[in-house]
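In: sharing a model prediction with you, sequence too.
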Amino acid sequence: MRADSVNTELNPGNPAHHLLITGGTGFVGRHIQEELRRRGISCFAFSRQEYDLTSWEQAQAVFERNRHATAVVHLASLQAAGEFPAKHPAEQIFVNGLMHTHALECWRRYLPGARFLAIGSSCGYPARAALLKEEIFLDGEAHPSVYAYATVKRLLCTGVRAYNDQFGLNGSYLIPAAMLGEYDDFHPETSHVPGALIGKFVRAVHEGLPEVEIWGDGSQVRDVMDVNEFVRVLLELLDRCDRDVVNVGPGAGISIRELATLISEAAGFKGRLVFNPQRYVGIKEKFMDASRLGERYGLSISREIGPAIARTVAWYAANYETLKDRRKFPGDLPPGACQCHPVVA
């Protein structure tokens, strides 16, 4: 998916540079916005209440409004961790399929000269793969626990390639490791591993709980990075990544036991850590190979996550009373009626 670059380089001092960010008011999007403001780069980020990408008319409207954009960062997706993917496979196929295909087609129609960076997911990798390298992303079945979400993320990857091939566009697909940072989802039912653990330990400290339950036996391995590290690398790749697929992660994993210990210490938790192997644990070991990021682009993600843990724990603790009961969705999604994205007739 590579070709010679045809776009102007990202220039922090260039006021003409403008990014369109779908999903830009979510966890990662808010961090991208903050960094762009710091660099003096203009962007347009929107919530689904302003423009709902499941609606073809609204998708057209937001892309037409941003015809001057030089790049699109496509973050928008209906997703959550825990048991959410298993309970809502149809909504994830329907909603995400609409958003991804609408974004791709609007890119072609309204912003064909802009770069398109689609943000993927490591859950799209084959479940049986031992080494998660970009070349095998579409080879083999994904893990059954996330089969629908993984399939639609693979569709997005294939879609970027198809629009590159047929229309000569310049789109790339980035596959990030799990992230942690401010604005994350910390609710135990929908958060990813880092956010879930931070939520549990901060709650335990605030409420004086004697123990914290952790799903699995603690031996599961995941790759985790600071969201600010991801934003830094994303903006470096924005003007250099030409029709490519790139893993963005530290290239090494950390056990859930070690991660939980780091978070408990940062939170000041003095109680017991109770591991429960009977709860959902997902894939036993998963972390991505990051050699392409280093060898092709000279970039790397720090493996030191202690400072990011301390920063995020402190932020969530300071905002605990406001955020402790905040849910990612307005309620459980009933079959056939996605509450967070209205069904399009």
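Out: Looks like it arrived, so ask away.
In: packing partners of the helix or strand of the chain with the lowest mean pLDDT?
Out: When the helices and strands of the chain are scored by mean pLDDT, DSSP states H and E, strand 285-286 comes last with a mean of 80. Helices and strands touching strand 285-286, by 3 or more C-beta pairs under 8 Å, 6 or more residues apart in numbering; DSSP states H and E, are strand 221-222. (Glycine included, C-beta is placed from N, CA and C.)
In: strand partners (parallel or antiparallel) of the helix or strand just after the strand it packs on?
Out: Under the assignment DSSP states H and E, the closest C-terminal helix or strand after strand 221-222 is strand 224-226. Strand 224-226 pairs in its sheet with strand 178-180 (parallel), by DSSP bridges.
In: which residues does the least confident helix or strand of the chain contact?
Out: With contacts defined as C-beta atoms under 8 Å, 6 or more residues apart in numbering, strand 285-286 is touched by 122, 125, 132, 220-223, 253.
In: for the protein, give me the ranges with low pLDDT.
Out: Residue ranges of the chain with pLDDT under 70: 1-16, 280-283, 330-345.
In: doesn't Tyr110 make contact with Glu64?
Out: Yes - between Glu64 and Tyr110 a contact is recorded at 5.4 Å, counting by C-beta atoms under 8 Å.
In: more neighbours, the two?
Out: The neighbour comparison of Glu64 against Tyr110 (other C-beta atoms under 10 Å) goes to Tyr110, with 20 against 12.
In: give me the spatial nearest neighbour of that one, chain neighbours excluded.
Out: Of all residues not flanking Tyr110 in the chain, Phe63 sits nearest, at 4.2 Å (C-beta to C-beta, 6 or more residues apart in numbering).
In: and that neighbour, how many neighbours does it have?
Out: 25.
In: what's the following helix or strand after whatever helix or strand it lives in?
Out: For Phe63, the element it lies in under DSSP H and E is helix 56-65. Helices and strands here follow DSSP H and E; after helix 56-65, the next one along the chain is strand 71-74.
In: buried residues in that following strand, which are they?
Out: Counting neighbours by 16 or more other C-beta atoms under 10 Å, one finds that the buried residues in strand 71-74 are 71-74.
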